[in-house]
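[1] Mind folding the following:
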Amino acid sequence: MRSVQGKAGGYVLTREPGSITVLDVVEAVDGPGQAFTCTEIRQRGPLATPAESCATPCAIARAMTRADAAWRAALRAVSIADLVEDVGSDSGPRALAGISAWLTAPNA
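    Have a look, this model is predicted:
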């Protein structure tokens with residue numbers, strides 16, 4: 001993808017829609033980093049755990065890492081072409097033509 005500046009800007013696909021996953025789009029917009037960043041709160045506060053006792057990720061960090069991996073796998077399994085097909089199936093055969101007309105209208 002590449003970005004287009006201006007009032008009618010957005011993103012332009014630089015590959016075939018079938019080869020671009022929803023995860024590709026998310027990473028192009030938000031970056032490839034994980035959604036959750038562990039800040040080791042267990043090492044702060046009145047009941048802080050000593051750093052040497054925190055050699056492995058805590059239960060919350062492990063759960064969030066698993067959730068992030070599952071989310072990424074699900075987004076990796078859906079392509080832009082799949083979304084286009086789903087719009088046609090969900091909204092009828094004229095939906096894509098209407099969307100295209102709306103996106104290309106001078107006042108869009």
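[2] quick one: terminal-to-terminal distance for stretch 38-58?
    End-to-end distance of stretch 38-58: 9 Å, with CA to CA, to the nearest Å as the criterion.
[3] So the residue nearest the centre of the chain: helix, strand or coil?
    By CA atoms, centre = their mean, the chain has its centre lying nearest to Val26, at 3.1 Å. Under DSSP: H, G, I helix; E, B strand; the rest coil, the three-state class of Val26 is helix.
[4] Isn't it up against Ala74?
    No. Using CB atoms under 8 Å, Val26 is not in contact with Ala74, being 11.0 Å away. Where C-beta positions appear, they are placed from N, C-alpha and C, glycine not excepted.
[5] just to revisit the earlier point, the residue nearest to the centre of the chain and Ile99: what is the separation?
    Val26 sits 21 Å away from Ile99, taking CB to CB, to the nearest Å as the criterion.
[6] next one: Ser91
    Taken as CB to CB, the span from Ser91 to Ile99 is 9 Å.
[7] still on that earlier bit, residue contacts, the residue nearest to the centre of the chain?
    Leu75 (CB atoms under 8 Å, 6 or more residues apart in numbering).
[8] In the longest helix along the chain, which residues are buried?
    Scanning the chain for the helix with the most residues, using DSSP state H, yields helix 59-76. Residues Ala61, Met64, Arg72 are the ones in helix 59-76 that count as buried (16 or more other CB atoms under 10 Å).
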